[in-house]
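**Student:** What follows is a predicted protein model with its sequence.
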Amino acid sequence: MRALLLALACLVHHANTHADKRSNEDHTEYLSLAELLLSINPLQSLKHYNARQGFRAPGSIMQYVGERQRMGDIGYDSGYEMAGRRDEMVSTAPPMLVQGGTLKTWSYASSAVERVQVSLSTEGRPLDADIELWQGPDNTPMKIRVYSEDGDHRPFNAVIETPSAPNTIAIRNIGQIEFPLAARMSANDVEEPVSNFAATAMTVQGGALRTYPFSPDVQRVEVMLKTDGRPLNARIELLQGPNNNKQVIELYADDGLARPFFAIIDTAGAGNVVRIVNTAPIEFPMTASVQPHFIDQGMSQFDPVIGGA
């Protein structure tokens, strides 16, 4: 009987020792995995958490992330780094190459992203792309078709409003494979208009057009289009000479008040004219403001101007 009790005690001690060893191994493995995840996706809030309290038992960090995500403090949007609060979101996404005939998407799950600036450029070749805002299944509240004769001299820069989440920006390079483009996204930290829209806006009735000529010292022009809540359908053209389209933007938005259109167009050279066409029926007027965004103060009226760039 004594021998049996001794054998049982040995078995229990061996089992406890094995369990403690296994627990230590699991904990070490968890710490290694957590450090690897932090090195791949270095969220600033997790770094602060690690520096103050260190790692807890397995599961505590993921629970902490889940709690912060439910409070809206942490987002998993690609290219973003959260510093602990929603108002400290800063875009760090590098430019992405979009080959001809391919599609790239950028998703924003956080409601803190209220607007996104889309910048498209090439190395000097033509730029031809479709830009869409996706919001839920089969819901595309905004569509943009952009063409530029030279994506280096005249890149595309526009701000897309994203008033509710989640949102996805889809960019399709509809050019041939020989014409790749570089796409860059910047959330919240976007360019703002320098002019007063209320003071400079003019009404453009459905089916009507307006032209805005600019002098050679105007290097960049800002264009803003809005409606009173009705759909927005417009065509924006940059002309340099008779019937010489340097850049064309075709726009649709289901609500021109919640999602107004703001773009900055490069106008290098002389003889630049911006033409705004309201392609909607007469029942859908819009207000348009086209004003200089950057004027080269160093340009003299006696300096030679070479057009057709």
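**Tutor:** Cool, the structure landed. Residues are numbered from 1 along each chain as shown.
**Student:** what's the pLDDT at L6?
**Tutor:** On the pLDDT scale, L6 is placed at 60.
**Student:** can you list the domains in the protein?
**Tutor:** The record assigns the chain these domain ranges, following automatic domain parsing: 2-74, 94-295.
**Student:** Report the rounded mean pLDDT for the last one.
**Tutor:** What it means is domain 94-295. Here the average pLDDT along domain 94-295 is 94.
**Student:** Between the two ends of that domain, how far is it?
**Tutor:** 29 Å (Cα to Cα, to the nearest Å).
**Student:** can I get the domains of the chain in TSV with mean neighbour count?
**Tutor:** C-beta here means a position set from N, CA and C on the backbone, and glycine is covered the same way. Below are the domains of the chain laid out as TSV (neighbours: other Cβ atoms under 10 Å):
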stretch	mean neighbour count
domain 2-74	12
domain 94-295	18
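**Student:** From A199, how far out is L251?
**Tutor:** Distance of L251 to A199, computed by Cβ to Cβ, to the nearest Å: 23 Å.
**Student:** likewise R115?
**Tutor:** From R115 to A199 the distance is 22 Å (Cβ to Cβ).
**Student:** N243: what secondary structure?
**Tutor:** coil (DSSP: H, G, I helix; E, B strand; the rest coil).
**Student:** quick one: it from E149, how far?
**Tutor:** 13 Å.
**Student:** so what's D152 closest to, chain neighbours aside?
**Tutor:** G124 (4.3 Å; Cβ to Cβ, 6 or more residues apart in numbering).
**Student:** Hmm, I typed the wrong one, I wanted Q99.
**Tutor:** Leaving aside its sequence neighbours, Q99 sits nearest to P180 (Cβ to Cβ, 6+ apart; 5.0 Å).
**Student:** Pretty sure the one you found sits against L97.
**Tutor:** Yes: look at P180 against L97 with Cβ atoms under 8 Å: they come within range, at 5.7 Å.
**Student:** about what we covered before: show me the contacts for the residue nearest to Q99.
**Tutor:** P180 makes contact with L97, V98, Q99, G100, T122, N173 under the criterion Cβ atoms under 8 Å, 6 or more residues apart in numbering.
**Student:** what's near enough to touch the residue nearest to the second one when sequence neighbours are not counted?
**Tutor:** Just to be clear, that refers to V98. Nearest in space to V98, with sequence neighbours left out and distances taken as Cβ to Cβ, 6+ apart, is N173 at 4.5 Å. N173 is in contact with V98, Q99, G100, G101, T102, L103, D128, A129, F179, P180, L181, counting by Cβ under 8 Å, 6+ apart.
**Student:** ok, the contacts of P180 vs M224, which is closest?
**Tutor:** Relative to M224, the closest of those is T122; by Cβ to Cβ it sits at 25.1 Å.
**Student:** SS state for the closest residue in space to that closest one that isn't next to it in sequence?
**Tutor:** Leaving aside its sequence neighbours, T122 sits nearest to G151 (Cβ to Cβ, 6+ apart; 3.0 Å). With three-state DSSP as the basis, G151 sits in coil.
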